[in-house]
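[1] no sequence for this one, just the structure:
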């Protein structure tokens, strides 16, 4: 018996059958665990990439609003492009994403001249997104979710040098109230100019201010010195006197008004801020004296500017072609001294109608508001086809390398001729009915039957490779009933937002390291 028991034990010790199955089972368990870990970690990494992409876009969108926007606006812009529920970069099955937007004032950027201006007091935006990602295999070992986050910081880019000619409508209608803005149309426009001046960089950006109709050279200083006993802001009493529309040469390489009426109110200058880091406009600058000064929140005007519609501007209608050629000639001259990118920023309703004396029985002869050399050919300089000429003038500026931004301010989408009411018509001298009414023969406008809205769209530079937008429209002001819309549904529709967008677009935005101090 003992021998048999010993033999059984010996056989058991020497028997190796079944051990491979144990090892295989253990190895398969380890391999499945590793595979599960790889799958869960790989999924989390994919989620993080998605979060990083949307965080980048959200930070860039927020930075686009700087430096003038409020904290609320910066956050709204950023959140619009986040991955949180309801925003533009939501990923299917990603779960509930938490988004944090923090406008920040970085000292390293201030040293580069990117001031922390406006109520947000920031020159950069940091966006952090996080989400709880459920696991597939790790939950077996007690890890049901993994926290994933991504952070991006964006700021306005290093300043780009520009020569900027700002052209502002100062016809009499600009004294009308804009209830959407809460002031006169001119005050709202000049508030936008102030915002643009705060977006530019005085060390590299030269700015000149033009208006139409032009004003007599002997009185133009009133538009930036406020030379009136009633003090600043009394626009009508202290404004310069309108002069006849001059017709600068299409190919002029300089613009010197001399004793003639002038479109140029203030020549190219860079004293609108005392330094790149200055957070407010310089009250001693002629540009600022003409435009006014912003309040501390950077979105409203605290001191009104001197510039105002000339008291008799209504007699002269609107003729844009001359001021565009004048601005381009001045830019060409400035470029020889300071060879950087030339820019025109033009605000108008686009409704050129300088031939309004036709309705007063002046017939088809040369109009009294133009100087000599004006014809009835429809080609500049001409007193017919006004809107077609403004399109041609802007296109000429573009052909000379100038970037042209246009801002439609209550522009109408229908070209219209109303017999006996040229001021109530839209681009009247470009309409077939105008030529028929006054027996002028066939329509010789270079843009027959064009509307003011389309004219301004056609005047703007086409979008470039970076997607920069050059046409904007404020169609919300009271009384216009405008339906002139930008093709970009994300485009701002208030003058303050539009000028801020142009300023941001001219400087651009970029992603910067999250660790930047």
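    All right, it came through fine. Because the structure is predicted, anything quoted here is derived from the model rather than measured.
[2] Mind jotting down where the helices sit in the stretch 251-400 of the chain?
    Using DSSP state H, counting those that start in this stretch, the helices of the stretch 251-400 of the chain run over 286-291, 321-337, 386-399.
[3] Give me the distance from the shortest one to the chain's centre.
    What separates the centre of helix 286-291 from the centre of its chain is 21 Å, taken as C-alpha atoms, centre = their mean, to the nearest Å.
[4] Mind giving me the packing neighbours of it?
    Contact partners of helix 286-291 among helices and strands, from 3 or more C-beta pairs under 8 Å, 6 or more residues apart in numbering; DSSP states H and E: helix 185-199, strand 205-215, helix 222-225, strand 262-269. Just so you know, the C-beta spots here come from the backbone N, C-alpha and C atoms, and that holds for glycine as well.
[5] try it again with 10 Å
    Under the contact criterion of 3 or more C-beta pairs under 10 Å, 6 or more residues apart in numbering; DSSP states H and E, helix 286-291 touches strand 162-169, helix 185-199, strand 205-215, helix 222-225, strand 262-269, strand 301-304.
[6] pLDDT averaged over it - what is it?
    Mean pLDDT, computed over helix 286-291, is 91.
[7] quick one on the thing from earlier: minimum distance to residue 487: which of the helices and strands packed on helix 286-291 has it?
    Of all these, it is helix 185-199 that lies closest to residue 487, at 21.0 Å by C-beta to C-beta.
[8] now residue 247: how far from residue 321?
    Distance, residue 247 to residue 321, using C-beta to C-beta, to the nearest Å: 8 Å.
[9] From the neighbour counts alone, determine which of these two ranks first.
    Legend: neighbour count by other C-beta atoms under 10 Å for residue 247 and residue 321, higher for residue 321 (28 against 19).
[10] Could you report the separation of that one from residue 393?
    In this view, residue 321 and residue 393 are 4 Å apart by C-beta to C-beta.
[11] list residues touching both of the two?
    Common neighbours of residue 321 and residue 393 (criterion: C-beta atoms under 10 Å, 6 or more residues apart in numbering): 248, 250, 380.
[12] for the residues you listed, which one is nearest residue 292?
    Sorting the shared contacts of residue 321 and residue 393 by distance to residue 292 puts residue 248 at the head of the list, at 27.9 Å, by C-beta to C-beta.
[13] so what's that closest one up against?
    Residue 248 neighbours (C-beta under 10 Å, 6+ apart): 214, 254-255, 257, 260, 263, 321-330, 380-381, 393.
[14] where does it fall, helix, sheet strand or coil?
    For residue 248, the assignment made with DSSP: H, G, I helix; E, B strand; the rest coil gives coil.
[15] So for it, what's the pLDDT?
    Residue 248 is given a pLDDT of 86.
[16] Any idea how many residues pack against residue 167?
    26.
[17] Quick check: bridge partners of it?
    residue 210, residue 346 (DSSP bridges).
[18] Could you check how far it is from residue 445?
    From residue 167 to residue 445 the distance is 22 Å (C-beta to C-beta).
[19] just to revisit the earlier point, between residue 247 and residue 321, which contacts overlap?
    Joint contacts of residue 247 and residue 321 (C-beta under 10 Å, 6+ apart) are 380-382.
[20] Make JSON lines out of the residues you listed and add distance to residue 499.
    Listed next are these as JSON lines, based on distance: C-beta to C-beta, whole Å:
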{"residue": "380", "distance to residue 499": "28"}
{"residue": "381", "distance to residue 499": "30"}
{"residue": "382", "distance to residue 499": "32"}
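[21] just the buried members of the contacts of residue 248?
    214, 255, 257, 263, 321-330, 380-381, 393 (16 or more other C-beta atoms under 10 Å).
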